[in-house]
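> have a look; sequence and predicted model below, questions after that.
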Amino acid sequence: MSAYERIAVRFAGSRPGAWFFVNVATRMDRLLVPLTRGRLSSCLGTSYHGSHLLLLTTTGAKSGQPRTVPLLYFRDGRNIVVIGSKGGHPKHPAWYQNIRAHPRVVVTVRGKRLECTALEADGPERLRLWARAVELYPGYDTYSRRAVGRDIPVVVLSPLT
């Protein structure tokens, strides 16, 4: 990571930074990510994290309407892994509640759409994937300490085809 990226990661790990990224930057990314085919993100404004960014489209648990959110991800074989940190907020993100109600999702990575089934990892698999997530983005470790009263979900998205 460049010096700028390290500063951005540090800011994102702070309470004000987490608030900004959860409440402001993700809204901007819903427009920016499709326009740049995932190469650029307002979240960190860098190609490093842009290359690890996807759009997750879920079905609303209550509304039944499509909901799209940009998330950092990494690959685990054919699967895609995302983390339900919500910046360390004490409540799970809405997209996590949506996948629990409707586990079939659409993932858009670099302009390519992929239908997947979402499943929360647990046990040794969760520990292994969590360690990889923290390597990608060390802020997850900070968020886990801040998320008092909940375990941050590690979600595996398995392609249907």
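That came through fine.

> can you name the residues bridging to V109?
K112 (DSSP bridges).

> neighbours around it, how many?
Neighbourhood size, V109 [other C-beta atoms under 10 Å]: 19. Placement of C-beta: from N, CA and C, glycine included.

> V107 is in contact with T58, correct?
No - with contacts defined as C-beta atoms under 8 Å, T58 does not count as touching V107, sitting 10.2 Å away.

> after the lowest-mean-pLDDT helix or strand in the chain, next one along is what?
The helix or strand of the chain with the poorest confidence is helix 47-50; it has a mean of 44 (mean pLDDT, DSSP states H and E). Using DSSP states H and E, the helix or strand that follows helix 47-50 in sequence is strand 53-59.

> ok, and for the helix or strand just after that following strand, which residues are buried?
If you walk from strand 53-59 toward the C-terminus, the next helix or strand you reach (DSSP H and E) is strand 66-76. By neighbour count with 16 or more other C-beta atoms under 10 Å, strand 66-76 contains the buried residues 68-74, 76.

> swap in stretch 140-158?
Applying 16+ other C-beta under 10 Å to stretch 140-158 flags 140, 142-144, 146-147, 152-157 as buried.

> quick one: mean pLDDT for that stretch?
Averaging pLDDT along stretch 140-158 gives 93.

> so what touches it?
13, 15, 18, 56, 73, 76, 78-92, 96, 99, 105, 107, 116-121, 125-126, 129-130, 133-134 (C-beta atoms under 8 Å, 6 or more residues apart in numbering).

> mind telling me what element V81 is part of?
Using DSSP H and E, V81 maps to strand 79-83.
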